[in-house]
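[1] Mind folding the following:
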Amino acid sequence: MGAITIAAPLPATGLFADNTFRAPGGPQADEVVNPATEETIGRVAAADAGDVDTAISAARRAVDAGPWSRLSPRERSDALYRLAEVLASDYDRILAVVIAETGCPVTAARAHQVGIPLRHMEYWAEAARRPKLMSRDPVVTTRANGSGVLGSWVVRREPYGVVVAITPYNFPFLQTVMKMGPALAAGNAMVVKPSPLTPFSTFLLAEAAQRADLPPGAFNVVAGGAEVGDALVSDPRVDLVSFTGSAAVGSLIAGRAATRLTRVVLELGGKSALIVCEDADLAQAVRAGVQSATYHAGQGCALTTRHLVHRRVWGDYVERLTEELRRVPVGDPTDPRTGMGPLIRPMAVDRVDACVHEAARRGATVAVGGSRGEHPRGYFYQPTLLTGVANTDPVAREEIFGPVIVAMEFGTEDDAVELANDSPYGLAGHVLSADPARAFGLSRLHQPGCTVRRLQAVRLRA
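    Just a heads-up that it's a prediction; the model follows:
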């Protein structure tokens, strides 16, 4: 079965505010490149300060006085169901645009880049119908003279107001939908700034919002880089900022929002551990470890890139892991046979290669990979395994965001937990054991003061 081709006309771009596309005022246009072919997909003009003001003003009107704030939960639900139907009808086009922008292989993109977010949108369309008032049982308060006061209270759930969402390049459609669904279902209005590397997926959502006739100002999009994001985060009319991306940028956003006490929701980086106990099914453990570390070329914050392996099975595991990594088919993301596609840009390839070479210089062994491969075009890097690494080495502590596994051995369960917890990150983690009770027990262990508080207990089945 060869590569597939899906017709994918690109959506309109520019400033999207009040359900209308407008020409942005920024002088810069960002080039959007297909990372598998290095061909230019298109150009998207960046917003300027006036465009940011227009988008936030539209969102502000929608929640303060506009039709969006006056809709009942049922009416909001109906609007989101219309949006979900429009998106579902455009599935093939969305899939093709996402693959062209991100380089994610089609088999993975079908489910995680497009299929899951479409189900998320349906979920939030249904959730929007739920009652906004939750009553409590009456409470009797006794006075000093013995008489009583009968009282009760209610909890009322209200939207924050204007939500700014800044999304990453690796899952542009999914991340936008995951922020968009709950925000709109609760009655907030949104301004979204996608990554300038993968903006078309978000403009597909803007186009769908227009086709679904969402009320003006409910969903707005501005394009651009860090300066546009900074203008959005700094605006006093914004009530909440949701950001997914690097810890470094997240820290800057949190600091900027703190000066105005703006609420923030941050999903940042990871260096997740995969603990392989001596009783684990090694064939399944290796398969799971390879699939996670090479998924979307390692460009995922929760992927398991630190493999902590019991000493008794260390040699066997590393041998199997090496062979399995060699067999990963790297290449054209539109081909269903491809297991791993490219990294997003040349600078990503350079960063991964520099991390691997620095680790080798410090004494690590490159068991497999460690090179760009022999691809005539595209931003590819071979699946890589590093051994002989200490948990204090940079390659074991820093998020590489590429298909690089760092494998280390441990002797006791306490050693495994200490290694897993000794990390500046705490996003995710896994324990593989034939005994689910043991895996669950390990997942609950932690050392006081460690960043990683829990690991996910996993028992793999055939």
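
[2] For the stretch 101-250 of the chain, which segments count as helices?
    Secondary structure of the stretch 101-250 of the chain (DSSP state H, counting those that start in this stretch): helices at 106-108, 116-127, 172-185, 200-211, 226-234, 247-258.

[3] Need those helices in a markdown table (columns: mean pLDDT, distance to Thr37 and mean neighbour count).
    Every C-beta, even on glycine, is put in place using the N, C-alpha and C of the backbone. Listed next are those as a markdown table, based on pLDDT from 0 to 100; distance: least, CB to CB, whole Å; neighbours: other CB atoms under 10 Å:
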| stretch | mean pLDDT | distance to Thr37 | mean neighbour count |
| --- | --- | --- | --- |
| helix 106-108 | 96 | 15 | 18 |
| helix 116-127 | 96 | 25 | 18 |
| helix 172-185 | 97 | 18 | 24 |
| helix 200-211 | 98 | 15 | 24 |
| helix 226-234 | 95 | 27 | 19 |
| helix 247-258 | 92 | 28 | 15 |
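
[4] Need the ones you listed in CSV (columns: distance to Val32).
    Shown next, in CSV, are the helices of the stretch 101-250 of the chain (distance: least, CB to CB, whole Å):
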stretch, distance to Val32
helix 106-108, 19
helix 116-127, 20
helix 172-185, 11
helix 200-211, 7
helix 226-234, 16
helix 247-258, 20
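
[5] which one of those helices lies closest to Tyr81?
    Closest to Tyr81 of those is helix 116-127 (CB to CB; 4.4 Å).

[6] now that closest one against helix 172-185, angle please.
    10 degrees (axes from the mean of the first three to the mean of the last three CA atoms, to 10 degrees).

[7] tell me what helix 116-127 is packed against?
    Packing partners of helix 116-127 (3 or more CB pairs under 8 Å, 6 or more residues apart in numbering; DSSP states H and E): helix 73-89, helix 172-185.

[8] Mind putting the ones you listed into JSON lines with distance to Ser246?
    JSON lines is the format used below for those (distance: least, CB to CB, whole Å):
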{"stretch": "helix 73-89", "distance to Ser246": "28"}
{"stretch": "helix 172-185", "distance to Ser246": "14"}
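
[9] roughly how far apart are Asn145 and Asp235?
    Counting by CB to CB, to the nearest Å, the gap from Asn145 to Asp235 is 54 Å.

[10] Between those two, which is the more surrounded one?
    Asp235 (20 against 5; other CB atoms under 10 Å).

[11] Whichever strand or helix holds Arg306 packs against which elements?
    Under DSSP states H and E, the secondary-structure element containing Arg306 is strand 304-310. Applying 3+ CB pairs under 8 Å, 6+ apart, we find strand 304-310 packed against strand 272-276, helix 282-294, helix 314-326, strand 404-410, helix 413-421.

[12] Apply 7 Å and report the result again.
    For strand 304-310, the packing partners by 3 or more CB pairs under 7 Å, 6 or more residues apart in numbering; DSSP states H and E come out as strand 272-276, helix 282-294, strand 404-410, helix 413-421.

[13] Mind checking the pLDDT average for it?
    Strand 304-310 shows an average pLDDT of 96 in the prediction.

[14] Restricting to C-alpha, output that strand in PDB.
    What follows is strand 304-310, C-alpha atoms only, in PDB (Å, rounded to 0.1, in the frame of the first residue of the first chain):
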ATOM      1  CA  THR A 304       8.400   8.200  27.700                       C
ATOM      2  CA  THR A 305      12.000   9.100  26.900                       C
ATOM      3  CA  ARG A 306      13.700   7.900  30.100                       C
ATOM      4  CA  HIS A 307      13.600   4.100  30.300                       C
ATOM      5  CA  LEU A 308      14.500   2.800  33.800                       C
ATOM      6  CA  VAL A 309      15.200  -1.000  33.500                       C
ATOM      7  CA  HIS A 310      15.800  -3.600  36.200                       C
END
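
[15] which residues touch that strand?
    271-278, 289, 292-293, 298, 317, 396, 400, 404-410, 416, 419-420, 430 (CB atoms under 7 Å, 6 or more residues apart in numbering).

[16] How far off centre is that strand?
    Relative to its chain's centre, strand 304-310 lies at 22 Å (CA atoms, centre = their mean, to the nearest Å).

[17] For the stretch 351-462 of the chain, give me the ranges with low pLDDT.
    Within the stretch 351-462 of the chain, the ranges that satisfy pLDDT under 70 run 446-462.

[18] which residues of it fall in helices?
    Using DSSP H, counting those that start in this stretch, helices in the stretch 351-462 of the chain cover 394-397, 413-421, 436-444.

[19] List the buried residues of the first one.
    Neighbour-count burial for helix 394-397, counted by 16 or more other CB atoms under 10 Å, picks out Val395, Ala396, Arg397.

[20] right, and the first one touches Arg361 too?
    Spelled out, it's Val395. No - counting by CB atoms under 7 Å, Val395 does not reach Arg361; the two are 10.5 Å apart.

[21] ok, Leu95 to Thr244 distance?
    Distance from Leu95 to Thr244, by CB to CB: 21 Å.

[22] brain fart, Ser433
    Distance from Ser433 to Thr244, counting by CB to CB: 31 Å.

[23] of the two, who's got more company?
    Ser433 (26 against 22).

[24] OK, contacts around that one?
    With CB under 7 Å, 6+ apart, Ser433 has these contacts: Cys277, Asp279, Ala280, Ala439, Arg459.

[25] how about 6 Å then?
    Shown in contact with Ser433 (CB atoms under 6 Å, 6 or more residues apart in numbering): Cys277, Asp279, Ala280, Ala439.

[26] Got the phi and psi for it?
    The phi and psi values for Ser433, taken as degrees, to the nearest 10, are phi -150, psi 150.

[27] Could you do Val238 as well?
    The phi/psi pair for Val238 (degrees, to the nearest 10) is phi -90, psi 130.

[28] Next, count neighbours for it.
    22.

[29] Check Val221 too.
    Other residues near Val221 come to 26 when the count uses other CB under 10 Å.

[30] my guess is it contacts Phe16, does it?
    Yes - contact criterion CB atoms under 6 Å: Val221 and Phe16 qualify, at 4.1 Å.

[31] Contacts only, for the closest residue to Pro333 other than its chain neighbours.
    Nearest residue to Pro333, sequence neighbours excluded (CB to CB, 6 or more residues apart in numbering): Gly341, at 3.8 Å. Neighbouring residues of Gly341 by CB under 6 Å, 6+ apart: Ala36, Gly103, Cys104, Pro105, Ala297, Pro333.

[32] wait, the first one sits on Asp335?
    Spelled out, that is Ala36. No - at 10.0 Å, Ala36 and Asp335 do not qualify as touching, with contact defined as CB under 6 Å.

[33] Give me the more crowded residue out of these two.
    Ala36 (25 against 18).

[34] Ramachandran coordinates for that one?
    Here is the backbone geometry of Ala36 (degrees, to the nearest 10): phi -90, psi -30.

[35] Hmm, Ala47 is touching Asp230, no?
    No - taking contacts as CB under 6 Å, Ala47 lies outside contact range of Asp230: 11.9 Å.

[36] quick one: common contacting residues for those two?
    Joint contacts of Ala47 and Asp230 (CB under 6 Å, 6+ apart) do not exist.
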